[in-house]
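S.K.: Structure here, sequence nowhere to be found:
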């Protein structure tokens, strides 16, 4: 069982990392998040869990810099869910949606890296082969449909008509 790293928050707003026995900044806590480190922020006096409020503080500071991620409209919509009967479902829904997005992003990056790892001629050959396969398949479909229409029959399924046993 892994234990969470404990960060103590003191009344003077300073954050103390008990693992490295040193004061740290919000930026260093952000780095823990980026590194997928498990941690908890606890009030040094009461032991109350302050992790969410510190994470919200980091988000707030980043929203004030440069290009915000959350529009006023989005934040208003989120606020409307507080006190609503759907409030309990909203957090889990957002969490799952974001996980799906992250999984798709990882898959896209992996595919992009695979493509970029190839030389330009190799990529061009792969693309040409795929296009030729699609073209052949499409052409075969047209030919099958044209032959069926000329015979006035349904498309050929490869089955032969059964011979009448009386002949």
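M.R.: Arrived safely, thanks for sending. This one's a predicted model, so the numbers in the text were calculated from it and none came from an experiment.

S.K.: When you work out contacts or count neighbours from here on, use the C-alpha atoms and nothing else.
M.R.: OK.

S.K.: Tell me which residues of the helix or strand of the chain with the lowest mean pLDDT come out buried.
M.R.: Sorting the helices and strands of the chain by mean pLDDT, DSSP states H and E puts helix 120-151 at the bottom, at a mean of 75. Of the residues in helix 120-151, residue 144 count as buried by neighbour count, 16 or more other Cα atoms under 10 Å.

S.K.: chain center to it: distance?
M.R.: Taking the mean of its C-alpha atoms, helix 120-151 sits 33 Å from the chain's own mean (Cα atoms, centre = their mean, to the nearest Å).

S.K.: Report all helices and strands that that helix contacts.
M.R.: Contacting helix 120-151 under the criterion 3 or more Cα pairs under 8 Å, 6 or more residues apart in numbering; DSSP states H and E is no other helix or strand.

S.K.: For residue 133, list the residues it contacts.
M.R.: If a contact means Cα atoms under 8 Å, 6 or more residues apart in numbering, then residue 133 has no contacts.

S.K.: Next: residue 114.
M.R.: Counting by Cα under 8 Å, 6+ apart, residue 114 has no contacts.

S.K.: how close does the closest residue to residue 15 other than its chain neighbours get to residue 39?
M.R.: Excluding its sequence neighbours, the residue lying closest to residue 15 (Cα to Cα, 6 or more residues apart in numbering) is residue 9, at 4.6 Å. Taking Cα to Cα, to the nearest Å as the measure, residue 9 and residue 39 are separated by 13 Å.

S.K.: Which of these two has more residues huddled nearby?
M.R.: residue 9 (23 against 16; other Cα atoms under 10 Å).

S.K.: hang on, isn't that one packed against residue 46?
M.R.: No. Counting by Cα atoms under 8 Å, residue 9 stays clear of residue 46, with 10.1 Å between them.

S.K.: Which neighbours do these two have in common?
M.R.: Counting by Cα under 8 Å, 6+ apart, nothing touches both residue 9 and residue 46.

S.K.: what's the domain layout of the protein?
M.R.: 1-78, 94-151 (automatic domain parsing).
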